[in-house]
Each structure stands twice: as structure tokens, then as C-alpha cells.
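Colleague: coordinates for the following, if possible.
(chains A, B, C and D)
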Protein chains: 4
Amino acid sequence: MVPSELQRRIAERYDQLSPKQRQVARFIADNEAFTAFASAAELGKAVDVDAATVVRLAQSLGFSGYAELQGVIRGRIPERLTFVQRIEQQRQQPMDRQQLPVQVFTNDIENLNQTLNQTQPEAIEAAVEAICRADHVIVVGMGFSAAVAVFLGHGLNSLGIRTTVLTEGGSTLTITLANLRPTDLMIGVSVWRYLRDTVAALAGAAERGVPTMALTDSSVSPPARIADHVLVAATRGVGHSLSPVGLIAVVNLLLAEIAVREPERALAVLREVDRLYREQGMVDGAEQNG
Amino acid sequence: MVPSELQRRIAERYDQLSPKQRQVARFIADNEAFTAFASAAELGKAVDVDAATVVRLAQSLGFSGYAELQGVIRGRIPERLTFVQRIEQQRQQPMDRQQLPVQVFTNDIENLNQTLNQTQPEAIEAAVEAICRADHVIVVGMGFSAAVAVFLGHGLNSLGIRTTVLTEGGSTLTITLANLRPTDLMIGVSVWRYLRDTVAALAGAAERGVPTMALTDSSVSPPARIADHVLVAATRGVGHSLSPVGLIAVVNLLLAEIAVREPERALAVLREVDRLYREQGMVDGAEQNG
Amino acid sequence: MVPSELQRRIAERYDQLSPKQRQVARFIADNEAFTAFASAAELGKAVDVDAATVVRLAQSLGFSGYAELQGVIRGRIPERLTFVQRIEQQRQQPMDRQQLPVQVFTNDIENLNQTLNQTQPEAIEAAVEAICRADHVIVVGMGFSAAVAVFLGHGLNSLGIRTTVLTEGGSTLTITLANLRPTDLMIGVSVWRYLRDTVAALAGAAERGVPTMALTDSSVSPPARIADHVLVAATRGVGHSLSPVGLIAVVNLLLAEIAVREPERALAVLREVDRLYREQGMVDGAEQNG
Amino acid sequence: MVPSELQRRIAERYDQLSPKQRQVARFIADNEAFTAFASAAELGKAVDVDAATVVRLAQSLGFSGYAELQGVIRGRIPERLTFVQRIEQQRQQPMDRQQLPVQVFTNDIENLNQTLNQTQPEAIEAAVEAICRADHVIVVGMGFSAAVAVFLGHGLNSLGIRTTVLTEGGSTLTITLANLRPTDLMIGVSVWRYLRDTVAALAGAAERGVPTMALTDSSVSPPARIADHVLVAATRGVGHSLSPVGLIAVVNLLLAEIAVREPERALAVLREVDRLYREQGMVDGAEQNG
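Modeller: The predicted structure is shown next:
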């Protein structure tokens, strides 16, 4: 990838930075998704320095302050370009199609490595508990995130956890919000640029005292700021789009944990599904996956 | 992973095998999904030996013939167990929950590596051409595969390729089949155990002379046997379930290729989506991903 | 409409019939949908004669027995023709297009009159009670019946009764069945020819001890035979198709009854929907209908 | 029904009105849905008087002008009350539950009579032509109107007219708009209060030069003002809600007309559906309705 303007500035001035500023600079270079939405204080906390150090680093890099540095990240860095900007960029610097397969797969392996690094066992544990405790789970995810919501919904229902999936905004979502119960769990799958309706669904649930969970791309993204439980995955894409591979792997982990934790509930449903499929001749053998 | 009965036999008798038999044995050990549905001739072709060598290997491993060896693979190996059998197995040999995150992510990285190895640039190239040529794409994927179908459908529509996604069987699927046109392309996402309705949709399209594509887990799976274009991904899961990560990465590759090949079509749609989102205040910034 | 073979026979031999046989004959002529699936005993019960009288009537009309009479009804009468047969018939006796509007609307008025006549206040009362008592309602309706299921689902959710609508068969329906709870209510909307998956959903629910309700076209149709609660509507169509107008009016009645019975629950949800729509600018005024 | 404020004023001052003013007053009393959105000129045209007469009538009834009269209609008359206001009203004047069945069915018969009166054969003829000419039909209807959209979509697909149905707003609708082609037809089902997303879909299609059709409750409603083809139905409800029975009957008429006009196309699809259902054992007999 072409280094961003920000990465160039960091490289140029790195030697003049104090050790603490270097620490912040390295963190920012590696965690642009986080930096895009974190306050100076939150960023400082992540690397164990105070907010003033973060501000001074921004100034040392030639910005008027942290806000300007953050604006540059939000607006320009490749994985924050809009689909339109990315495709326009590609027309000028066309990718080598022969390299695409390797690029796409290594990029996704990198997404998995980064997501594993960001995965905190206690957060997963708490998320699994919240899911198992819920009487009814509602998963909301739209556009790019709809596939992740559908996969999570199918997996939970297959394990005996009753789940409704909503992949569109509008009147059904509104009526669902109006019918929420305190025994529900609302899970929003939402990545940059954070579609309004998904964020509003999480906010609406929180307002009504319903537990919430965000599956998102940064611990300080708008959905993450609302949700009780936050699970983060890397979503960098090759070319014009993002990749859901990291988010899907987080769902794989949740489903594996739930099956280990509550095997009886899962078995009751899966045996029943097996029996129904056999009766209806829906698969050759005993059971269906897809 | 606990070695399977088959892997044990291969290990025990490996020294007594001829060099050609060893080649077949290694291939089988690494490609159980393929072996589960390949004939002796197809398996032989894959390692450049004749069908008789495959049959002799099976006998050297103590089976009555290739059919018995294949039966063992279909019935017993871990990734071919039903969800029910897997969870029952887990209750007896519970997984270490602390190890789960690393296991899930390394398993998915392995899926990506294997999928990349199986990806043939010419097959991708031909698939991309078929997609770009279609007047209308219909993507069918159910149960476990529904999420992959939804992701592919959203990606294609975002690039200006008009796509309908069907994630359920029944009457809508039937009426869609009855309305197929020769200018359509039918894509089926179907992995073990290959839900009847998805395979029937591909067969119905093929019967009507409509081009077909399978996104599946083996080049000799039932959907692969029907489709004009076959794209294969590794779907091994940790615990009770399979993983769609390899399939999703193949979709990422298709979408990246299409965007490089037909940027103007993609831009026309994406600029329009940008404009509509801005007008309707659906995101903070210029464009939505999800 | 051209009188059916059966109606001709009844007219020809009417004078030779006994008073009780005439009663049965008139009932059959007016209630072919019922007769198509009722046993001789059930039919007898409907007109307060014994089964033997029904059988003798069939013989007096020149049939070998009741089964043959019923076979004629199932196979030949206009509203029991398949769509294909009806359109083929129309090609030979084309309808006067200028008459179509009046025919369609008067036919639907007739459907409403007939449906009102068949509507038993106690059945509605009991159905409303079952709906209000349920923790979660699942409505299944496919093909022609999907629209009725969608209308019922939207209406119930708008009144604060949490409802899931399934309009397709396949894996989602199967997993839903496997997750049923005794506090649920399963409602099937199913008319001639009674799609297998809807009937199976009602049967699956009944097997698990879950209360069931059928919205159907005859009190002895296959779904009616399974369900605890049966609501019947006339569905005769002009031309090739059936009409859902009677079924929709029954839903209108259910929704009006529920709103009168539990206004507080409805108000809590509707006020919330109002507020959300206003906040999100989804309608001009205070509230949305569609 | 309790007479509205407006109806009281008309009754009180009727004797003082000129013959032309009386004509306008009677029309307004009978057509409040129309008046709610018609300009003074449009209203005048409907009864063959000039706009000035309409304004003078409003003043004779004690309003400052036509705008104030119209405001009263939009805000107060029973069928224009929100669901919330209606249920609140009912709590104070509870309906007699024993009367409900008769009220609901006679109200729907009245909807059918009114709809038939408003149905213009030339408008139906032109609508049928537009549908038959389209390469692909997109039907949008949400909330209350979703069921009508689903019924229309199923009916058209069954007749061999390829149709996509959208029942939710948000990102799928947006991407569909961005992918519209001039050979498409966009049909919006939209009644009071005219959900923003449906009206926007019609406007978006019109902007792109795509033919449009509105299925709505008044010839001057917001969707009607945009669409090339306008079909109107009466939607008055008993109790808190509206009724879709009139809209459904209009769809019945459209489908009957199309089957008469293009029987060959319909037969090709219906025979195929029959064959598939038989092959898959989805119904007892030859064909499915629902």
C-alpha cells in the first residue's frame, strides 16, 4: 500500500520525537481505525501516556492539534476512502490482476491475525454469557454487514438460542424496537461508515434498558460507544471494498464457545433439525449445513 | 486434531506403499473433502496415476476397495461429522476453552491458505467473465451458506451487476426457476451436506440452458458436478460447525476482480448510492459500507 | 359460471330425492370447498343427517359412492381447477375484458358475504384469546398465502404482540420448528392446494404441544384438521387465480378485536412507533401506516 | 361514526349555500381522502366548478380559506386519525364487540364498492400495458402496504412477469434505485401517511426516466402526484387500522386482465411451476396456490 500522508510525516519526524511520542506515533500508525474515533484521552490511555502527550505529538507532526490529525485519518487513509474514491484511485493506479488472489488472501490472513490480537478472552466470555442469558436475541446488520448478521443468526438459532435477524431499516425495525423486552439482547453489526439505522437500533435498545452488543471495527466506533459488549475485528479490504472475514471469525469463535458451554441446548435443537431434514428428504444424509 | 482412523492406517502402512501409492495416500490425507465425492479415476487424475493404483492403495490400507475407503471418509472424519455428532464428541472430550480463540483463528488462517492453493486464476477469470456478461444474476444459498449468498449479492449489486438473492427454498425459488432466462446466471453456494433445494436450483437452471456457477467445498461435490463454473474453498471448522471464511475470501476476490475489470459500471452505481445516502442522511459521511 | 357436472346431476334428479337427500344436495352445491375434504360423516353432521344418507345421495346421483362424488368435486369444479387449467379454459372461452372490473369486485363482495356467514363469534373470540395469551406468535404462509401472513404479522406486531412471519419453506422454517416453545402460538395461512411446508409446520407445532391456528378456506381442509383454532374464508377468484380478500377481512376482524380487548398494550407500542417515526422523519405527520 | 366538525358545519349552513357550493360541499363530505391533498383547482375540476367557488365555500363554512378547511380534514377526520388517536378514542367509546364482525365485513364491502366506482377502465388498461411491457418490475410497499406489495409480486411472477418485491427501506432499496434501468417499471404501494421511503423510490425512478405506477388511496396523494399511472382504492378501516381489501381487489383485477391479455406467457410459467411442484412433492395434486 502507498504510505499515507500521515505515515510519511511520522517517518520523517520520527527521530525528533520523544520516546513517549514515538510510542503514540507507532500506535497510531498501526491502529488508524481506532484513532479515527478515539479522543486524545482514550488514545493516551491505550498507550499509557496522558492526553497532553498525544496533543504534543500531533503538533510535532505539524498539525494544529489532535483534531486535525484525526481529521486526516478519517478523510484520507486508504481503508477509510469511500468505495467511489477507491475505485477512482484504482483506475489511475490499476492493480495487477495476476497479483490479486495472493493479495486478497494474505490481506484476509492479516485481518485474522489482527483480530486475534485484539480479541480479549474476558470480552468473549462476557458476550457469550449475555447471549446465553437472553430470552430472545435480535441481530441487526445492513448493507455490507448483513451477511455477518445472517451468519450469526443462523448459528445462534442452530444452537437453540432464539434469534431474529433484521437486515433492513424502516418500519419493521421500528416496530421491533417498540416491542423490545428487557429479557432481549440486541446485537448490532456495524462497521465504517456505521449506517444510521443500526446505530439507532443499539441506542434505542440501550434507552429501553435492553442489553446491547456491538460487533464492529474499532473499540471507539459509534456503535461501540453505545453497546454494553463490544467485539472488534479488522476489516481491511483489497481494492474498493472492506472484508468481513475477521467479523465472521469472531462469530465462529462465539458459536464454538456457546456449543462448549451449553451442549445440551444445542443438541436438543440439532437432533430435531436432523430428524426433520431426514423426514423431509432435504439432504442426502443425516443433517444439513448449507 | 485427533488423527482419523484413515490417517492412522496411512501412517502405519506408509513404508510398505509404493511411491505412487504414497503419492495417492498423501493426497487423500490432505484432501478428504475431495476424496469423499471423487471417483477412483478422478482421484487418480488429480495425482497423475491411474484408477487401478488408487484401488490398490485402498486394498493396501486394508479396505475391500476404494468404495470402502471412501465410505470411511464420508462417515467418520471430523469435518464430515454432523453437528450433532460433533457436539456429542465434544461432551466426552471437552475442548479447552482457553485455547479456543487461537484454535478458531489459526483454523481459519489454514482455511485461507488452503483455499488460495486451490484457487486457479483461469477459473476465477472465467467466473468473472460469466458474471459480467449476465443480464441478471441469481444467487441461491441456504442455511449455513445463506450468509455467503447475501454477501455476494450485496457486493455484486454494489458494483452495478443486478443480482437477486434467495436464501430459502419453497415457492419463491420454484417460481424464480420457472421465470429463468438464458441471459441469466445462476450461482449456487452449497457445501456439505449440499441442501437439496440449492442443488436442484443449479440443476433446473442447467436444464433450461442457463449458465451456472457453484461456490462449494470440493471440485467433485454434487453442485460442482452440475455447474459450468466451480469455485472451491476450504470450510473446516473448529468444534461443531463449519467455517465460511474461505468462501467469503473467494467472494472478496471475485468482487475485487470485477471492480478492476469494469470500474465505470461500478462507479456509476456507487456514486449514485453515495448521493442517495447523503440526501437521506443515512450515514455521517459520504458513503455507506455497513 | 357454467354449472358443473355435479350441479347438473343434482338439478336433473332433484325431484326424485328424499327431503333429507335434498338437504344434503343443496348443502353440497353451496359448499363444494367443504365437501371436497369432508368425510361422509362430517358432511352428514353439517346438515344433521347420518353418513348413510350422504352415501345414498351420492348413489342417487349416479356415483358408485361418496368417494366418487367427492373425487368429481376435487377434480373438476371451476374454483378447484389449477391455474394452468383455468387459463387454458379462458383461452377457449375468453372473458369479456369490459366486464372484468365488475366481475372482480362483485366476486370479492360475494367472498366477503360468504366469509361473514361462515364466521362464528365464538371461534373468533377463542382465536383472539389464544393470540393475546401467546408469548410469541409465528405466522407461516407461502406463495399465494404469503401476503395474508405478512399482513397478519404486521398487524399483530403493531398491537404489541410479538410475531415472526415466515413466507418460505426450507432451513429457516425447520430451525424455527426445532426452537418452538410451549408458550408460542403457530398460525398457518393455507388454502387449496395446501402447500406441504405450511401444513407440516402446523403438524410439527401440534406434535410439540404448541397451540395452533389455521386461517384456511374450509373447516375440513388439511390444515384445519390439525389446528386447535380454525378460521375460514371464501377464496373464490375470477379468472385464473384465487382471491385473498376474505382472508384479509378475517385478519381485519382479528386485529379490531385485539385492539378493543387490549388497548393498553397496543397503545404502548403505537405511541413508541409514532415517536420513532417522528424522530427519524419517516412520515410527514405523526404516524405511519404504509 | 360520529360526524366530524366539518360535517357538522356543512349540515348547519347547507341551506345558505349556493347550488354550486352545495355540490362542492357534498363532494367534500363524501371524498375527504381526496380533499385532504387536492388543490382548490383540482377539487373544482372534480365537480366542474372553478377554484374561486371552492374558496368561497370554505369561507361560507367559516374558514379563513380553503387551506384552513383542508387542514381540518387532514388533522381530524376519523379515517385520518393516527392509530394511537383511534385507540384512545375507542377506550372512551368502546365498540360493541358483538357488532364487530358485521361492521368489519360491511365496511370492507363498502371499500370494494367505492373502489369499483373509482376504477377507470382506461387507467387499468394503461397500467396493464405498462406492466406487460416492462422487462423487470420492482414493487415497493412497506408497513401496512407490504402485504399488498407481496401479493402483487407473487401474482406477477406467477404470470411470467419478472418482479422483485421490496418491503423495507434502507440500503437494499438504495442500491436497487442506483441499479434501475429504463426498461424497468417501479410500482409503489403507498397509503396515508405515505412512508417517506416508498415515495422517495417512486421519485427516484421518475428522476431516472423509469416508468412509475402508484397503488394508493387518493388520486392526489403524494405518491399519485409522482407516478405515471395511478390506481386508487378505498382503505377505510373499522377501529384503529386501515383496510387493504380495496387495494387487494385492484391487484386481483390487474392479474385477471394480464392473464386474459397474455395467456401464453402465463401458461409457460404456470406449467413449469406445476411440473416442479409435482417433482418435488410440494403439494398433493398438480399445482400450488398457497
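
Colleague: and the helices in the stretch 151-290 of chain A?
Modeller: Under the criterion DSSP state H, counting those that start in this stretch, the stretch 151-290 of chain A contains helices at A:171-178, A:196-207, A:222-226, A:245-261, A:263-280.

Colleague: phi and psi next, for the residue of the stretch 51-200 of chain A found nearest chain B.
Modeller: When distances are taken as CB to the nearest CB, the stretch 51-200 of chain A reaches nearest to chain B at A:Phe144, 2.9 Å away. To be clear about C-beta, it is placed using only N, CA and C from the backbone, and glycine gets the same treatment. When quoted as degrees, to the nearest 10, the phi and psi of A:Phe144 stand at phi -50, psi -40.

Colleague: hang on, isn't it packed against A:His240?
Modeller: No: applying CB atoms under 8 Å, one finds A:Phe144 not in contact with A:His240, separated by 11.6 Å.

Colleague: which one of the helices of the stretch 151-290 of chain A lies closest to D:Val72?
Modeller: With CB to CB as the measure, helix A:171-178 is the member of the helices of the stretch 151-290 of chain A nearest D:Val72 (27.9 Å).

Colleague: that closest one and chain C in contact?
Modeller: Yes: between helix A:171-178 and chain C, judged by CB under 8 Å from any CB of the partner chain, the touching residues are A:Ser171, A:Thr174, A:Ile175, A:Thr176, A:Leu177, A:Ala178.

Colleague: hang on, isn't the fifth one packed against A:Leu202?
Modeller: No: the pair A:Leu177 and A:Leu202 does not pass the contact test of CB under 8 Å, sitting 10.2 Å apart.

Colleague: around chain D, which positions in chain A sit nearby?
Modeller: A:Met142, A:Gly143, A:Ala146, A:Thr167, A:Glu168, A:Gly169, A:Gly170, A:Ser171, A:Thr172, A:Leu173, A:Leu195, A:Asp197.

Colleague: count residues in the vicinity of the fifth one, would you?
Modeller: So that's A:Glu168. Counted with other CB atoms under 10 Å in any protein chain shown, the neighbours of A:Glu168 add up to 22.

Colleague: read off the pLDDT value for it.
Modeller: With respect to pLDDT, A:Glu168 scores 91.

Colleague: list the contacts of it.
Modeller: Taking CB atoms under 8 Å, 6 or more residues apart in numbering or on different chains, we find A:Glu168 in contact with A:Met142, D:Glu168, D:Gly169, D:Gly170, D:Ser171, D:Thr172, D:Leu173.

Colleague: now it. Nearest residue, chain neighbours left out?
Modeller: Among residues not flanking A:Glu168 along the chain, D:Glu168 sits closest, at 3.3 Å (CB to CB, 6 or more residues apart in numbering or on different chains).

Colleague: would you mind measuring from that neighbour to C:Arg278?
Modeller: Separation of D:Glu168 from C:Arg278 (CB to CB, to the nearest Å): 19 Å.

Colleague: same thing with A:Val220?
Modeller: 30 Å.

Colleague: also A:Gln118?
Modeller: From A:Gln118 to C:Arg278 the distance is 39 Å (CB to CB).

Colleague: now do A:Gly44
Modeller: The spacing between A:Gly44 and C:Arg278, counted by CB to CB, is 40 Å.

Colleague: show me the shaky parts of chain A.
Modeller: A:1-4, A:33, A:75-83, A:85-87, A:89-95, A:284-290 (pLDDT under 70).

Colleague: can you give me the strands in it?
Modeller: For chain A, the strands defined by DSSP state E occupy A:136-141, A:163-166, A:184-190, A:212-216, A:229-232.

Colleague: most packed of those strands?
Modeller: strand A:184-190 (a mean of 29; mean count of other CB atoms under 10 Å in any protein chain shown).

Colleague: elements contacting that one?
Modeller: Secondary-structure packing of strand A:184-190 (3 or more CB pairs under 8 Å, 6 or more residues apart in numbering or on different chains; DSSP states H and E): helix A:121-133, strand A:136-141, helix A:146-158, helix A:196-207, strand A:212-216, helix A:222-226.

Colleague: and that strand, how far from the chain's centre?
Modeller: 12 Å (CA atoms, centre = their mean, to the nearest Å).

Colleague: now swap in stretch A:114-132 and tell me
Modeller: Worked out by CA atoms, centre = their mean, stretch A:114-132 lies 12 Å from the chain centre.

Colleague: that one: which residues count as buried?
Modeller: Under the neighbour-count criterion of 16 or more other CB atoms under 10 Å in any protein chain shown, stretch A:114-132 has A:Gln114, A:Thr115, A:Leu116, A:Gln118, A:Thr119, A:Ile124, A:Ala126, A:Ala127, A:Val128, A:Ala130, A:Ile131, A:Cys132 buried.

Colleague: OK, contacts around the second one?
Modeller: Meaning A:Thr115. Counting by CB under 8 Å, 6+ apart, A:Thr115 has contacts A:Val232, A:Ala233, A:Ala234, A:Gly246, A:Ala249, A:Val250, B:Phe105.

Colleague: who touches the last one in this structure?
Modeller: Which is B:Phe105. Contacts of B:Phe105 by CB under 8 Å, 6+ apart are A:Leu112, A:Asn113, A:Thr115, A:Leu116, A:Thr119, A:Ala249, A:Leu253.

Colleague: 6 Å instead?
Modeller: A:Leu112, A:Leu116, A:Ala249 (CB atoms under 6 Å, 6 or more residues apart in numbering or on different chains).

Colleague: quick check: chain neighbours aside, which residue is closest to the last one?
Modeller: Using CB to CB, 6+ apart and skipping the chain neighbours, the partner closest in space to A:Ala249 is B:Asp108 (4.9 Å).

Colleague: what's that neighbour in contact with, if anything?
Modeller: B:Asp108 sits in contact with A:Leu112, A:Ala249, B:Ser243, B:Val245, where contact means CB under 6 Å, 6+ apart.
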